[in-house]
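S.K.: Quick one, fold the following:
(chains A and B)
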Amino acid sequence: MKMKICMILLMGLLMFFSSQAMAIQISPEQVNITATYNGQDVVVKGALQKDEQAVVQIIGNGAEVELKQQGKVGGFLWMTVGHISIANAPSAYLLCLPESINTWRENQDPRWKTLNLGFSSLLPQVDIEPKPSNKEEVFRNFVELKQSDSLYSIIADGMQYSDNAEGGKEFSATIHIPAKMPVAEYTVKMLRVNKDGAIDGQETARLQLVETGFPKFISSMAFNRGLLYGVLSVGIAIMAGLFMGIVFKDRGGAH
Amino acid sequence: MFHMYLPIAGNSVNIAVILGLGGVVGLLSGIFGVGGGFLMTPLLIMFGIPPTVAAASDSNQIVGASTSGTLAHYRFGNVDMKMGFLLLIGGIGGGAIGVQLIKILRAMGNADFLINITYVIMLGGVGGYMFVESLQSLKKDKDDPAAAVAVSVEKKPSAIGTMMAGLPFQTEFTKSGVTMSALTPLVLGAFVGVLAAIMGVGGGFIMVPVMVYLLRMPMHVVVGTSLFQILFTCINVTVMQAQTNHTVDFVLALLLLLGSTIGAQFGTRISRKLKGDQLKIILACLVLLVMVKMLFSLLMEPSVVLSYAGGH
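M.R.: Residues are numbered from 1 along each chain as shown, chains lettered A, B, ... in the order given. Predicted coordinates for the structure are as follows:
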């Protein structure tokens, strides 16, 4: 009996330390949006067993979005035919796949379906109002809209592996955060996938996007002191216009 | 590549592209006396700026460009202040009516259809009329310049002109060289204000033809006076948008401004070198081009059938 308890304890300890080793590291953990920000690469690193693959997802919150739907009117005119709201769809969904799992995806391998990843995996959690007759089609249009902003994407060439001293391997996923990704907190989820397509485990971490410096100052002014911000914007625009007028007058005309 | 992050638009842009856009639209603004919103806003949307932010920030940059343009035109004696103020008062009143009208239409659910159709009809009508009229005038000039001058001097007043002459509060507008009732620019300003509010634009491209054909003002005074009127309209719009909707991106406006204020100065000088009819025919082409683009977008299937609500 004592032997059994010892064994269980030992296994528990092993599993604990093993999961500690598996913890993912994000660099940087906070993306600072400065005046010259144009998106940024984020690197997610961690350790795996030798025969495992890593899948990394960056997922935004599921705030409600109001959308206009275009359709044909009178058989030939394309214009807004209605408004819909979509709730519980992530504001961003960036999926980084290793080459092998991307091949499963491209070939529609049963193992890919088992993993339940990709844009279609989000469909069951999404609520669309008013209820459409074809939810899949509306959601596909929504994904296209998000893809046009680079907020939904599948990265098939961002995963790299290297062997480590413990006989396992290290992964490194490089994911580009697009400039249009809203200021918010995001969930970074790493799945450990074995060769049979089963998920051995998962780790999660947080990624923050925050405005700093000049963008933070402008946002704070615009949203907290709207009137003053508007008056200052107009004042500076008039001054700039007058200044340019004076500059051109002094030169006696440009041509 | 130098990029700048726009905190209100929530996106980054290439500085050179935005400076260039501002320069081109400022140039057109200086030449024709139009704010350029009907060109700039769709272009900004094309570069990933949300529609509401594009429209509000554009009106902020127009404040700078039209200040620069008005100043340049004022120096050349091309601004009719009296006419400008009357049009402005009418425009503000008309704008308020237009905003209420659009609220009712939205509630009825067919606002977008009406907006699009109004756009196409107005642009097509105004552009087409200006084009044909200016072309005929240019032809006359070429065939017999003296006769053309004589005809233009002895131009018979139209039925509308006779009716206008009978209205009360007759006022002399020295800079424009016309005498008419003060009610005329007030009512026409209100009419443009209603259309501008429905279409979501400043209305310069409707105001210019109104001044030329209905108020019979000389083209060069039209350009200066239009810019003067646009300046005040856009000050009002910018402050209102900043306070109510928080959609003015000052960083974007400033970048556009740098380009447009320089463009406006060059435009003003080009405008001085062109004849009135030449100016009208180029503006007509521009208006027709926007109309064709608009018509095209109505007839072609969009690449993405969903769009974020909040602008049109």
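
S.K.: Could you use CA atoms for every contact and neighbour count after this?
M.R.: Noted.

S.K.: touching chain B at all, stretch A:136-146?
M.R.: Yes: applying CA under 8 Å from any CA of the partner chain, one finds stretch A:136-146 touching chain B at A:141-142, A:144-145.

S.K.: In helices, which of those residues appear?
M.R.: Mapping the residues of stretch A:136-146 next to chain B onto helices (DSSP state H) picks out A:141-142, A:144-145.

S.K.: Provide the secondary structure category for residue A:183.
M.R.: Using DSSP: H, G, I helix; E, B strand; the rest coil, the three-state assignment for residue A:183 comes out as coil.

S.K.: same check, this time on the one 4 residues further on
M.R.: Secondary structure of residue A:187, reduced to three states by three-state DSSP: strand.

S.K.: what's across from it in the sheet?
M.R.: On the basis of DSSP bridges, residue A:187 is bridged to residue A:59, residue A:206.

S.K.: was I right about it contacting residue A:204?
M.R.: Yes: contact status for residue A:187 versus residue A:204: in contact at 6.8 Å, counting by CA atoms under 8 Å.

S.K.: still on that earlier bit, let's have the ones in helices among the residues of stretch A:136-146 next to chain B in CSV, adding distance to residue B:100 and pLDDT.
M.R.: Listed next are those as CSV, based on distance: CA to CA, whole Å; pLDDT from 0 to 100:
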residue, distance to residue B:100, pLDDT
A:141, 33, 93
A:142, 32, 95
A:144, 35, 94
A:145, 31, 93
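
S.K.: so which of the residues you listed is the most crowded?
M.R.: residue A:142 (22 neighbours; other CA atoms under 10 Å in any protein chain shown).

S.K.: need the contact list for the closest residue to it other than its chain neighbours.
M.R.: Using CA to CA, 6 or more residues apart in numbering or on different chains and skipping the chain neighbours, the partner closest in space to residue A:142 is residue B:306 (6.5 Å). Contact partners of residue B:306, counting by CA atoms under 8 Å, 6 or more residues apart in numbering or on different chains, are A:67-70, A:141-142, A:145.

S.K.: Just want the phi and psi numbers for residue B:306.
M.R.: phi -110, psi 150 (degrees, to the nearest 10).

S.K.: beta partners of it?
M.R.: Using DSSP bridges, the beta-bridge partners of residue B:306 come out as residue A:69.

S.K.: and the longest helix for chain A?
M.R.: helix A:226-250.

S.K.: Now stretch A:106-116: average pLDDT?
M.R.: Mean pLDDT, stretch A:106-116: 91.

S.K.: Turn the ones in helices among the residues of stretch A:136-146 next to chain B into CSV, columns for distance to residue B:223.
M.R.: Converted to CSV, those look like this (distance: CA to CA, whole Å):
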residue, distance to residue B:223
A:141, 45
A:142, 44
A:144, 43
A:145, 41
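
S.K.: how does chain A divide into domains?
M.R.: Domain assignment for chain A, taken from automatic domain parsing, gives A:22-212, A:225-250.

S.K.: what's the closest of those domains to residue B:224?
M.R.: With CA to CA, the closest approach to residue B:224 among those belongs to domain A:225-250: 14.1 Å.

S.K.: The closest one vs chain B: in contact?
M.R.: Yes: residues of domain A:225-250 contacting chain B under CA under 8 Å from any CA: A:225-227, A:229-231, A:233-234, A:237-245, A:248.

S.K.: ranking the domains of chain A by burial, who's on top?
M.R.: domain A:225-250 (a mean of 20; mean count of other CA atoms under 10 Å in any protein chain shown).
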